[in-house]
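Engineer: Sequence first, predicted model second:
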Amino acid sequence: MYVKVRKEQAAEERKKSALFRYFFPSQANWEVKENPYTTRSKDEVFSTKTLTFPSKTNDFRDHLNY
C-alpha cells in the first residue's frame, strides 16, 4: 500500500518540476509555495544568535490556559 501512495506522490511532485513546467505547461502543477515563516510570530523562529529554537520556561504560569 505504501508503494502505491509513494508512486502517486512522486507523480504529483514531478508535475512541479521546472522541466515539466517548461515542456507541458498546461498539465503542470502551478501551485505557489508559501514561506512558512511569514505567518509565524517572531518568537517561534530559529534564532541565529543562540543557534537554537526558542524554548519554553519551567514557570507554571506559562502553561495555564487563560
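Structural biologist: Happy to help now that I have it.

Engineer: Give me the below-cutoff pLDDT ranges for this protein.
Structural biologist: Along the chain, segments meeting pLDDT under 70 span 36, 42-44, 52-66.

Engineer: Can you name the residues in contact with the longest helix seen in the chain?
Structural biologist: Scanning the chain for the helix with the most residues, using DSSP state H, yields helix 2-14. The contact list for helix 2-14 (CB atoms under 8 Å, 6 or more residues apart in numbering) reads 20, 29. For every residue, glycine as well, the C-beta is placed using N, CA and C.

Engineer: roughly how far is that helix from the heart of the chain?
Structural biologist: Remark: helix 2-14 is offset 18 Å from the chain centroid, using CA atoms, centre = their mean, to the nearest Å.

Engineer: next SSE after it?
Structural biologist: helix 18-23 (DSSP states H and E).

Engineer: Extract the CA atoms of that next one and return them as PDB.
Structural biologist: Coordinates of each C-alpha in helix 18-23 appear next as PDB, following Å, rounded to 0.1, in the frame of the first residue of the first chain:
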ATOM      1  CA  ALA A  18      10.900  23.100 -13.900                       C
ATOM      2  CA  LEU A  19      11.300  20.800 -16.900                       C
ATOM      3  CA  PHE A  20       7.800  19.500 -16.700                       C
ATOM      4  CA  ARG A  21       6.500  23.100 -16.400                       C
ATOM      5  CA  TYR A  22       8.600  24.100 -19.500                       C
ATOM      6  CA  PHE A  23       7.600  21.300 -21.800                       C
END
